[in-house]
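Trainee: next one to model:
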Amino acid sequence: MSPDEFRAALASLGLNQSAAARALATSRRNVVNWASGTIAVPGPVRVLLGLALTCPAAGERLRVMGALRSTPRSER
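Mentor: Sure, this is the predicted structure:
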């Protein structure tokens with residue numbers, strides 16, 4: 001998956017970089033690196049995005065996960 005394809009997948013799913021990081025359980029820095037091509041998009045992420053793009057239920061689940069806010073460490 002090229003950086004352009006990665007960015008297009010996020011856009012198709014309605015995820016910005018912060019929401020994508022939450023949905024993919026990774027750091028925003030990783031998402032930025034994947035989107036810029038600094039680091040190749042890992043295989044599991046490519047598979048998950050492909051599934052989300054072809055299966056409406058999976059895409060919705062990813063959008064929901066991206067919308068969730070994590071609890072700040074100070075509140076844990």
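
Trainee: assign a three-state SS to residue 40, would you?
Mentor: coil (DSSP: H, G, I helix; E, B strand; the rest coil).

Trainee: how close does the closest residue to it other than its chain neighbours get to residue 4?
Mentor: For residue 40, the nearest residue in space outside its immediate sequence neighbours is residue 34; the separation is 7.5 Å by Cβ to Cβ, 6 or more residues apart in numbering. Glycine gets a C-beta too; all of them are placed from N, C-alpha and C. Counting by Cβ to Cβ, to the nearest Å, the gap between residue 34 and residue 4 amounts to 11 Å.

Trainee: which residue of these two possesses the greater neighbour count?
Mentor: In this comparison of residue 34 against residue 4, neighbours counted by other Cβ atoms under 10 Å, the higher total goes to residue 34 at 24 against 10.

Trainee: does residue 18 touch residue 28 like I think?
Mentor: Yes - Residue 18 sits in contact with residue 28 when judged by Cβ atoms under 8 Å, with a separation of 5.6 Å.

Trainee: so which residue is dead centre in this protein?
Mentor: Closest residue to the average C-alpha location of the chain: residue 20 at 3.0 Å, with Cα atoms, centre = their mean.

Trainee: hmm, back to that, on the three-state scheme, the residue nearest to residue 40 is what?
Mentor: For residue 34, the reduced secondary structure class is helix; criterion used: three-state DSSP.
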